[in-house]
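Novice: Sequence and computational prediction follow.
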Amino acid sequence: MPLYLAVDLGTTGCRSILFNEKLAPIGSSYEEYGLITPKENYVEQDAELWWALTLKTAKTAIAEAGIDAKEIRGISISSQGITIVPVDRDWKPLCNAISWLDNRCEAELEQIRAHYSAETITATTGKPFLPCYTLPKILWLQNHQPELIQKAHKLLMPLDFLTARFTGKAVTDHSMACGTLFYDVNNQCWWEEALDLFHIDKNQLPDLGWSGEAVGTVLPEVAAELGLAPDCVVALGAQDQKCAALAAGLDADTVTVSLGTAGAISQLHSGETSAQRGKCSYIAPGAWVTEGVINTAGTCLRYIRDLLYKGEPYRLIDEEAEQALAEGRELFFYPYLSGPSDPDHYASSTGAFYGINIGTKRGDYALAVMEGIAFQIRIILEAMNSYDSIRDMVVFGGAAKSDIWCRIIADIVGVPVCVPSTAEAAGAGAAMLAAKGAGESLAPLQIAKTYQPMADTEAKYARYRAIEKKLFAEETK
């Protein structure tokens, strides 16, 4: 029986999952790791811990499945993006990895701005002009720790780092490269002009490859530690949202919506697309996705839980939101808990509830959060010019476990919401890439449930947008 090992390296934890040829998980293990915050705006991680927990969770998943590890034909990785770590020739980190959550690089943004406008950056890379991307972080290392840049054999992102530890080869995929701010998204290659301008040695970067390509077989010492066959293939993985979209069945008529800590909406374009902001290479040449991001999605419901439902299960939140919906409550929530978000990036935006009165109950807040995220999904789809062209949405992540939330999204967006058979979409996508690298093919996840739009929410959506513009757009002027 062919088996595939998926490693899902997230922002705060590492999960290893064994999948069979039907893309069903048969063994899984998860370990959390912390964020290191030595100063304000500094967010780092111990990259060596990434590797240690990859090995630990892989061993546990194999043991849980009760199988001979030599049955594993392929391995691939779903990874957080943007984070960067310099390594030596033995793939050992020279310092902590600088996380994608890190915001220390404002001065480096100005350094970039001296040469390129925000419009040029977005037109070339598909990304907004923000300090979270990789280029400002490398410039920060150049400016503050030049000795590390000089000593570094490679500058690696998390996917590249784990791939190198598995195979001894430094390779990244195009979806990860898209987060660097020195990747030419239109031509799907490194942006050579920017590399030269900012004195970034291309030899210090990983090679570019396409997701699902076989990078090589596992190193002998890794095979021995995990009990793998020496010919077990490591296939090039992808950024976690791209892996999840692959498993969820992203196609020209179906958008995917990931609602975990943050939210990500993805639409596929085969061939050229005129869209620029949010444009990212997908898993094959000549394929792009456009993306919209809700900075805080599941985070918002967790915030309400911790504030108003301490010790209570999410089931109770759903029940009280259901009651508020039945009573026709109208409380609006704007989920800007971490500041500006797609697509409008209101400079003054903060999280806000609008419409509180003396009769407002805690269930009204829960309903407002669910509706607020649903409204944001529709706003992003309209900004991506995809609202009128989609057939359905596949929703995965925490929200997919809530019947009422899925119904709300279907009603507000006005298209069917489909929920896949497993919540681990990113891991499933990595398993599909592992199979591809091993010369096999796995179908996307089966749909377990579909929610049809039932209610007319047009007037409510119009009020939500009008209030949003009064709260944020007018203040920004």
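Specialist: Received the coordinates, thanks.

Novice: contacts and neighbour counts: CA atoms only from here.
Specialist: Fine.

Novice: what's stretch 456-469 in contact with?
Specialist: Here stretch 456-469 makes contact (CA atoms under 8 Å, 6 or more residues apart in numbering) with 332, 334, 375, 411-412.

Novice: swap in stretch 33-48?
Specialist: By CA under 8 Å, 6+ apart, stretch 33-48 touches 12-14, 49, 85, 92-93, 96-104, 158.

Novice: Could you do stretch 95-112 as well?
Specialist: 41-47, 81-86, 129-134, 136-137, 139-140.

Novice: send the alpha carbons of stretch 108-127 over as PDB?
Specialist: In PDB, the C-alpha atoms belonging to stretch 108-127 read as follows (Å, rounded to 0.1, in the frame of the first residue of the first chain):
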ATOM      1  CA  GLU A 108      14.800  48.900   5.000                       C
ATOM      2  CA  LEU A 109      11.500  49.600   3.400                       C
ATOM      3  CA  GLU A 110      12.700  53.200   2.900                       C
ATOM      4  CA  GLN A 111      15.900  51.900   1.500                       C
ATOM      5  CA  ILE A 112      13.800  50.000  -1.100                       C
ATOM      6  CA  ARG A 113      11.500  52.900  -1.700                       C
ATOM      7  CA  ALA A 114      14.500  55.100  -2.700                       C
ATOM      8  CA  HIS A 115      14.800  52.900  -5.800                       C
ATOM      9  CA  TYR A 116      11.300  51.500  -6.500                       C
ATOM     10  CA  SER A 117       7.800  52.900  -6.000                       C
ATOM     11  CA  ALA A 118       5.100  50.900  -4.300                       C
ATOM     12  CA  GLU A 119       3.400  50.600  -7.700                       C
ATOM     13  CA  THR A 120       6.500  49.100  -9.300                       C
ATOM     14  CA  ILE A 121       7.000  46.600  -6.500                       C
ATOM     15  CA  THR A 122       3.400  45.500  -6.800                       C
ATOM     16  CA  ALA A 123       3.400  45.400 -10.600                       C
ATOM     17  CA  THR A 124       6.600  43.200 -10.600                       C
ATOM     18  CA  THR A 125       6.100  41.000  -7.500                       C
ATOM     19  CA  GLY A 126       2.400  41.000  -7.000                       C
ATOM     20  CA  LYS A 127       2.900  42.100  -3.400                       C
END
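
Novice: Now do the buried residues in it.
Specialist: For stretch 108-127, the neighbour count (16 or more other CA atoms under 10 Å) marks 108-109, 112, 121-127 as buried.

Novice: For the helix or strand containing G363, enumerate the helices and strands it packs against.
Specialist: Assigned by DSSP states H and E, G363 belongs to helix 362-383. Judged by 3 or more CA pairs under 8 Å, 6 or more residues apart in numbering; DSSP states H and E, helix 362-383 is in contact with strand 263-270, strand 287-294, helix 298-308, helix 314-326, strand 332-334, helix 403-413.

Novice: Next, format these as JSON lines and append mean pLDDT and mean neighbour count.
Specialist: Compiled in JSON lines, those are given as follows (pLDDT from 0 to 100; neighbours: other CA atoms under 10 Å):
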{"stretch": "strand 263-270", "mean pLDDT": "84", "mean neighbour count": "22"}
{"stretch": "strand 287-294", "mean pLDDT": "86", "mean neighbour count": "23"}
{"stretch": "helix 298-308", "mean pLDDT": "91", "mean neighbour count": "17"}
{"stretch": "helix 314-326", "mean pLDDT": "96", "mean neighbour count": "17"}
{"stretch": "strand 332-334", "mean pLDDT": "96", "mean neighbour count": "24"}
{"stretch": "helix 403-413", "mean pLDDT": "96", "mean neighbour count": "22"}
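
Novice: could you dump the ones you listed to JSON lines with distance to D344?
Specialist: Output for the helices and strands packed on helix 362-383, formatted as JSON lines (distance: least, CA to CA, whole Å):
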{"stretch": "strand 263-270", "distance to D344": "15"}
{"stretch": "strand 287-294", "distance to D344": "11"}
{"stretch": "helix 298-308", "distance to D344": "19"}
{"stretch": "helix 314-326", "distance to D344": "28"}
{"stretch": "strand 332-334", "distance to D344": "12"}
{"stretch": "helix 403-413", "distance to D344": "18"}
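
Novice: Nearest approach to Q241 belongs to which of those?
Specialist: strand 263-270 (7.4 Å; CA to CA).

Novice: packing partners for the helix or strand that that closest one is followed by?
Specialist: Next helix or strand after strand 263-270 toward the C-terminus (DSSP H and E): strand 279-281. Helices and strands touching strand 279-281, by 3+ CA pairs under 8 Å, 6+ apart, are helix 174-177, strand 287-294.

Novice: picking up where we left off before, so which pair among the contacts of stretch 456-469 is furthest apart in space?
Specialist: Y334 and D411 (18.2 Å).
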